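**Student:** Give me a 3D structure for the following:
(4 chains)
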Number of protein chains: 4
Amino acid sequence: MPRPVRITVVGAGRCDEDTASIAERVGREIARRGGVLICGGLGGVMEAAARGAREAGGTTVGILPGPDAADANPHILIPIATGLGHARNAVNVRAAEAVIALAGGYGTLSEIALALAMGIPVVSLAESGATPDVVTAPSAEEAVATAFELAEERRS
Amino acid sequence: MPRPVRITVVGAGRCDEDTASIAERVGREIARRGGVLICGGLGGVMEAAARGAREAGGTTVGILPGPDAADANPHILIPIATGLGHARNAVNVRAAEAVIALAGGYGTLSEIALALAMGIPVVSLAESGATPDVVTAPSAEEAVATAFELAEERRS
Amino acid sequence: MPRPVRITVVGAGRCDEDTASIAERVGREIARRGGVLICGGLGGVMEAAARGAREAGGTTVGILPGPDAADANPHILIPIATGLGHARNAVNVRAAEAVIALAGGYGTLSEIALALAMGIPVVSLAESGATPDVVTAPSAEEAVATAFELAEERRS
Amino acid sequence: MPRPVRITVVGAGRCDEDTASIAERVGREIARRGGVLICGGLGGVMEAAARGAREAGGTTVGILPGPDAADANPHILIPIATGLGHARNAVNVRAAEAVIALAGGYGTLSEIALALAMGIPVVSLAESGATPDVVTAPSAEEAVATAFELAEERRS
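**Tutor:** The predicted model follows:
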């Protein structure tokens, strides 16, 4: 038996009904084609996609950031609680043969970037993703000055 | 003795002389202010920043993706060979109190996104970073169809 | 539908026929009871256990240290290529609700110790596992002297 | 300038005064020889070793399991908060050129086993370390039966 195709779906942990509806259709279609749906295992896009896949009889894998499988949404058949924190994002996309991205925040953007850095293709359904909200600096010295200020603010 | 401020510098593993010159100034300024320079430990922006910091007498830490400390550039005083692959990007920015980003590719973009997802401030010196090069799809079903095609191409 | 029980089987990447036969029976029995077999995805005990589980119609997950799913043995239905190196040992056991250990080396010993550190129960089928082959030292100062010697040997 | 030798000290997060005194001497001697002390950054053996190293003017790196550098003991000059949970044990020893082990529990045993699996030499100062407290089973089938029982106990 050949291995089923593994598709990781990434997107926000909270989402509106329209996005959830699209995610659910993505999950359903992955299952209908005999693929395994992989996702981060939490809410929002991940939950809707897993629900769609399970309703179509598919297998769902949730690669969770925390150490507790009980955090997986109810549509995850096989939770993998990694305990890796944000580093699990790298595992989540590395596990895939292709990634489908819906609207999300910085976590989703990191998964898209990691997949592309690994050479894993990404198909996007989001009109626009998060744009990094960074402070810009005009020179090396001012960048370091700003970085020190921001670092010291976080300490206090 | 208070802990020195930890700044992670991210950017491309290969860069032109202008970018290297800016990175070197960033490293020098971090050291001049008594900070510890953290970076991914490899070439390009990472090497130039580490060289600048060492020339100013600073401490440099390189958080390497591979398992071998010998891969660190010669200006890294304390190499931390993680063996984590791309997941080391999460450690690289988590270690920082603030991140300074120069021009880079998807790896750099992932580090910026991961830092922002963790609530770590990012100061940017790049005019524009990598934009994710994703395939867009008009519907859930077409996204899955394209993802399966791309996945199967990678298998063969 | 309740989640299937997840059992991780750990053991050597190469093994004799007797051990393979026991591993195969472990895998078969996990599948017969409706459980999901998780393992490191490579050869030896991992391959035999996965073969047993697949022959009994079960689901097999391989959590691989390297970045390439093609390294999984042919009985792994869902390979998760982590790219984490030895740190994948922590994910491999964290994913389980219980661990079954067969004979193995230091990698297996690390998985047993990690599972116990996480509070995950370990059932052992090995008469005796690897015993750490460490150099002992009679005092703090001699320990450091020996550590420096060994470190310098590795550099050259 | 050649890179300083990197020694990781592992041991229990809580320890008696005798063990702390030995750990402190280990840290002091590492610093006196110009080495960098690496440890897990928390209490007990890690804190005593870091204190010894700092008192002798050395550099101390703490590779923490959690995401917050503020969890580091006060003698850690450069905290690396990984957020990796137990998977940080792999990074903690991978970073070293040699490991010195004092008395500890399963976490320490996992670090010793991981170091040996990676080919990194381990020097031990503990008379005896933790012995894995596993349940033994007489057959493959009974091992799986026990594993399922233990897994189900953990769910309830």
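**Student:** Strands of chain A, residue ranges please.
**Tutor:** Assignment of strands within chain A using DSSP state E yields the ranges A:6-10, A:36-39, A:59-64, A:78-81, A:98-101, A:122-124, A:135-136.
**Student:** distance between the second one and the chain's centre?
**Tutor:** Using C-alpha atoms, centre = their mean, to the nearest Å, the distance from the centre of strand A:36-39 to the centre of the chain it belongs to is 11 Å.
**Student:** That strand and chain C in contact?
**Tutor:** Yes: for strand A:36-39 and chain C, the contact criterion (C-beta under 8 Å from any C-beta of the partner chain) is met by A:Val36. Every C-beta, even on glycine, is put in place using the N, C-alpha and C of the backbone.
**Student:** buried residues in stretch A:116-125?
**Tutor:** The neighbour-count criterion (16 or more other C-beta atoms under 10 Å in any protein chain shown) identifies A:Leu116, A:Ala117, A:Met118, A:Ile120, A:Pro121, A:Val122, A:Val123, A:Ser124, A:Leu125 as the buried residues of stretch A:116-125.
**Student:** check contacts around the closest residue to the fifth one other than its chain neighbours.
**Tutor:** Spelled out, that is A:Pro121. In this structure, A:Pro121 finds its nearest non-sequential neighbour in B:Leu150, 4.0 Å apart by C-beta to C-beta, 6 or more residues apart in numbering or on different chains. The neighbours of B:Leu150, taking C-beta atoms under 8 Å, 6 or more residues apart in numbering or on different chains as the test, are A:Glu97, A:Ala98, A:Pro121, A:Val123, B:Val135.
**Student:** again with A:Gly52
**Tutor:** Under the criterion of C-beta under 8 Å, 6+ apart, the neighbours of A:Gly52 are A:Ala23, A:Glu24, A:Arg25, A:Val26, A:Gly27, A:Arg28, A:Glu29, A:Ile30, A:Ala31.
**Student:** likewise A:Arg3?
**Tutor:** C:Ala69, C:Ile76, C:Leu77, C:Ile78, C:Pro79.
**Student:** right, and out of those, which lies closest to A:Asp18?
**Tutor:** For the contacts of A:Arg3, the residue nearest A:Asp18 by C-beta to C-beta is C:Ile78; the value is 30.5 Å.
**Student:** What is the burial count for that closest one?
**Tutor:** Residue neighbour count, defined by other C-beta atoms under 10 Å in any protein chain shown, stands at 24 for C:Ile78.
**Student:** what about the nearest residue to it once chain neighbours are set aside, neighbour count?
**Tutor:** Nearest residue to C:Ile78 in three dimensions, chain neighbours excluded: C:Val61, at 4.8 Å (C-beta to C-beta, 6+ apart). For C:Val61, the count of nearby residues is 25 (other C-beta under 10 Å).
**Student:** again with A:Ser21
**Tutor:** So A:Ser21, with other C-beta under 10 Å, has 14 neighbours.
**Student:** A:Glu152 too?
**Tutor:** Using other C-beta under 10 Å: A:Glu152 sits among 12 other residues.
**Student:** do the one 3 residues further on as well
**Tutor:** Per other C-beta under 10 Å, the neighbour tally for A:Arg155 reads 11.
**Student:** That one contacts B:Glu97, doesn't it?
**Tutor:** Yes: counting by C-beta atoms under 8 Å, A:Arg155 touches B:Glu97, with 7.1 Å between them.
**Student:** circling back to that earlier point, scan the contacts of A:Arg3 and report the most crowded one.
**Tutor:** Among the contacts of A:Arg3, C:Ile76 has the most neighbours (other C-beta under 10 Å), with 29 neighbours.
**Student:** Just list whatever residues bridge to the residue lying closest to that one once chain neighbours are set aside.
**Tutor:** Leaving aside its sequence neighbours, C:Ile76 sits nearest to C:Gly62 (C-beta to C-beta, 6+ apart; 3.7 Å). Note on C:Gly62: beta-bridge partners by DSSP bridges are C:Cys39, C:Pro79.
**Student:** ditto for A:Val135
**Tutor:** Beta-bridge pairing for A:Val135 (DSSP bridges): B:Val123.
**Student:** which residues does the residue in chain A sticking out farthest from the centre contact?
**Tutor:** Centroid-distance maximum for chain A: A:Glu141 at 35.4 Å, with C-alpha atoms, centre = their mean. A:Glu141 makes contact with B:Arg25, B:Glu29, according to C-beta under 8 Å, 6+ apart.
**Student:** circling back: which stretch among the strands of chain A comes nearest C:Leu37?
**Tutor:** Of the strands of chain A, nearest to C:Leu37 by C-beta to C-beta is strand A:78-81, at 10.8 Å.
**Student:** So what's the gap between the closest one and the chain middle?
**Tutor:** Averaging C-alpha positions (C-alpha atoms, centre = their mean) puts strand A:78-81 15 Å from its chain's average.
**Student:** okay, it in PDB with CA atoms only?
**Tutor:** Extracted in PDB, the C-alpha atoms of strand A:78-81 (Å, rounded to 0.1, in the frame of the first residue of the first chain):
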ATOM      1  CA  ILE A  78      -3.700  11.200  16.400                       C
ATOM      2  CA  PRO A  79      -2.300  14.000  18.600                       C
ATOM      3  CA  ILE A  80       1.400  14.400  18.700                       C
ATOM      4  CA  ALA A  81       2.100  16.600  21.800                       C
END
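**Student:** Right, I'll leave it there.
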